[in-house]
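# got a predicted structure plus its sequence, pasted below:
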Amino acid sequence: MNTSPLPSQTKELKGLRKIAPALVLFFLSPFVAEFLLGNISISAFAAMVILAPLYGGGAVVVREVARRFHRGWPTIILLALAYGLIEEGICIQTLFNPHYLGFSLLSEAYVPSLGIGGWWTPFVLTLHTVWSISVPIAITEGLFAERRETPWLGKISLSIFSVLFVLGVLMIHGGTHKQDPFHASFAQLISVVAVILVVTAIAFTFKKRDSSRPGNVGNPFVVGLVTFLLGLGFMSAHAVIHGWAIVAVYGALYLVAIALLAFWSRRVTWTPLHTLAAGGGAMLTYACTGFPQVPVIGAKGTVDLVGNSLFAAVAVVLLWRAIKNQRQARAG
């Protein structure tokens, strides 16, 4: 009996393999952003269906646009920041809502002239820039190391993911508005749109450059350890520091992270494995800080603890596999 796949089945399999990295990123982004973070318990894992179009669609679009225009990580990070502004400034509007879901997110270091919180704004935008978008992209590009810098989608596929992202924004906005009827002012929304446009324009001023400076970067493990500790410091600082002091601490952490990564990545010994290590270290920060995080959605207690353990294990396995694939691609 002939068990070979039919030509149509072979074509479908090839099509799935071609877009496989985008599909992995589509689900990895919400997994890291909400489940690994500890915001949503494993008992509410079905929320992935609603969250994937927003987070995953946004991550895929950011990555594809950057790679199609032959841009590197500065562009990806700035586009990730633009994503964060879309979600928090336009979609769910926590940047301006003083009582979002019953939380007083803006009361600390409040800026009356802008209607934003000096603590909440950098905190939540960093979560999205680093963990919701950049980290999943780094891990997925490691998993598919041979296609790390090439586009994963054709025009039609990219259009579909873009539509999914827009639908995700609309669905989450609608669901949030039902729970909380807050509306940002017209001036606030226009301001966010203006900032998004400026950030996006700046993102494309960075051209991809090969590492050219002499010097040794060292073991990728060291890079991963540094991003892990920086992430841990960022996620833990607010437990002991408040007010404008926490804003100053965030600023110091930004300067250290940017200075170190920029210094290292410009050296000729910087490799894709170092990039993966940087993303992996940050991801493991969430794997640790997710345990004490009380979920906003889903069961707490033992169920949440089991879920956090499972999510952390998945993160470790994904990172291990990405490292293995990246090493194999380098050796090949």
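Good, I have the coordinates.
# from Val195, how far out is Thr289?
According to Cβ to Cβ, to the nearest Å, Thr289 and Val195 sit 28 Å apart. Just so you know, the C-beta spots here come from the backbone N, C-alpha and C atoms, and that holds for glycine as well.
# settle it for me: which of the two has more neighbours?
Using other Cβ atoms under 10 Å as the criterion, Thr289 and Val195 rank with Thr289 on top: 18 against 14.
# confidence score at that one?
On pLDDT, Thr289 comes in at 97.
# how about Leu13?
Reading off the model, Leu13 has pLDDT 53.
# which positions in stretch 114-122 come out as buried?
Using 16 or more other Cβ atoms under 10 Å as the test for burial, stretch 114-122 gives 115-122.
# just stretch 41-59 next, same as before
Buried residues in stretch 41-59, counted by 16+ other Cβ under 10 Å: 41-45, 47-48, 51-59.
# and the closest residue in space to Ser162 that isn't next to it in sequence, what helix or strand is that in?
Leaving aside its chain neighbours, Ser162 sits nearest to Val61 (5.5 Å; criterion: Cβ to Cβ, 6 or more residues apart in numbering). Element membership of Val61, judged by DSSP states H and E, is helix 48-68.
# quick check: next helix or strand after that helix?
Next in sequence after helix 48-68, counting helices and strands by DSSP H and E, comes helix 73-85.
# hmm, who's touching that next one?
58-59, 62-63, 65-66, 69, 124-125, 127-130, 132-134, 137, 192, 195-196, 199-200, 202-204, 206, 208, 265, 275 (Cβ atoms under 8 Å, 6 or more residues apart in numbering).
# hmm, back to that, please state the offset of the helix holding Val61 from the chain centre?
9 Å (Cα atoms, centre = their mean, to the nearest Å).
# show me what that helix is packed up against.
Helix 48-68 makes packing contacts with helix 7-30, helix 73-85, helix 135-143, helix 155-179 when contacts are defined by 3 or more Cβ pairs under 8 Å, 6 or more residues apart in numbering; DSSP states H and E.
# hey, least reliable of the ones you listed by pLDDT?
helix 7-30 (a mean of 81).
# three-state assignment of the closest residue to His238 other than its chain neighbours?
Sequence neighbours aside, Ile246 is the residue nearest to His238 in space, at 5.6 Å (criterion: Cβ to Cβ, 6+ apart). State at Ile246, reduced to three classes by DSSP: H, G, I helix; E, B strand; the rest coil: helix.
# residues near the nearest residue to Phe291 once chain neighbours are set aside, how many?
Excluding the flanking residues, the one nearest Phe291 by Cβ to Cβ, 6+ apart is Asn308, at 5.0 Å. Neighbour count of Asn308, defined by other Cβ under 10 Å: 24.
# now the helix or strand harbouring Asn308, how far from the centre of its chain.
Using DSSP H and E, Asn308 sits within helix 302-331. In this view, helix 302-331 has its centroid 16 Å away from the chain centroid, taken as Cα atoms, centre = their mean.
# related to what we said a few turns ago, need the buried residues of stretch 114-122 in CSV (columns: distance to Leu79 and pLDDT).
Compiled in CSV, those are given as follows (distance: Cβ to Cβ, whole Å; pLDDT from 0 to 100):
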residue, distance to Leu79, pLDDT
Gly115, 25, 95
Ile116, 22, 97
Gly117, 24, 97
Gly118, 24, 96
Trp119, 24, 97
Trp120, 22, 97
Thr121, 18, 98
Pro122, 18, 98
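# residues in contact with Gly57?
Residues in contact with Gly57 (Cβ under 8 Å, 6+ apart) are 26, 161-162, 164-168.
# ok, for it, nearest residue in space, not its chain neighbours?
Per Cβ to Cβ, 6+ apart, closest to Gly57 is Phe165, 3.0 Å.
# cool, Cys288 as well?
In space, and not counting its chain neighbours, Cys288 is closest to Leu232: 6.9 Å by Cβ to Cβ, 6+ apart.
# check which helices and strands the host helix or strand of the one you found sits against.
Taking DSSP H and E as the definition, Leu232 sits inside helix 220-236. Packing partners of helix 220-236 (3+ Cβ pairs under 8 Å, 6+ apart): helix 244-265, helix 272-289.
# list the buried residues in the host helix or strand of Ala194.
Using DSSP H and E, the element containing Ala194 is helix 186-203. Neighbour counts using 16+ other Cβ under 10 Å place 188, 191-192, 196, 199-200, 203 of helix 186-203 among the buried residues.
# ok, and what's touching that helix?
66, 71, 74-75, 78-79, 81-82, 85-86, 89-90, 95-96, 114-115, 184.
# then Pro151 would be within a strand, right?
No. Applying three-state DSSP, one finds Pro151 to be coil, outside a strand.
# okay but it is in contact with Val65, surely?
No. Shown here, Pro151 and Val65 do not form a contact pair, counting by Cβ atoms under 8 Å, at 9.4 Å.
# before we move on, back to that, make TSV out of the buried residues of stretch 114-122 and add distance to Ala282.
Below are the buried residues of stretch 114-122 laid out as TSV (distance: Cβ to Cβ, whole Å):
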residue	distance to Ala282
Gly115	30
Ile116	25
Gly117	23
Gly118	23
Trp119	20
Trp120	20
Thr121	20
Pro122	16
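# all set, thanks.
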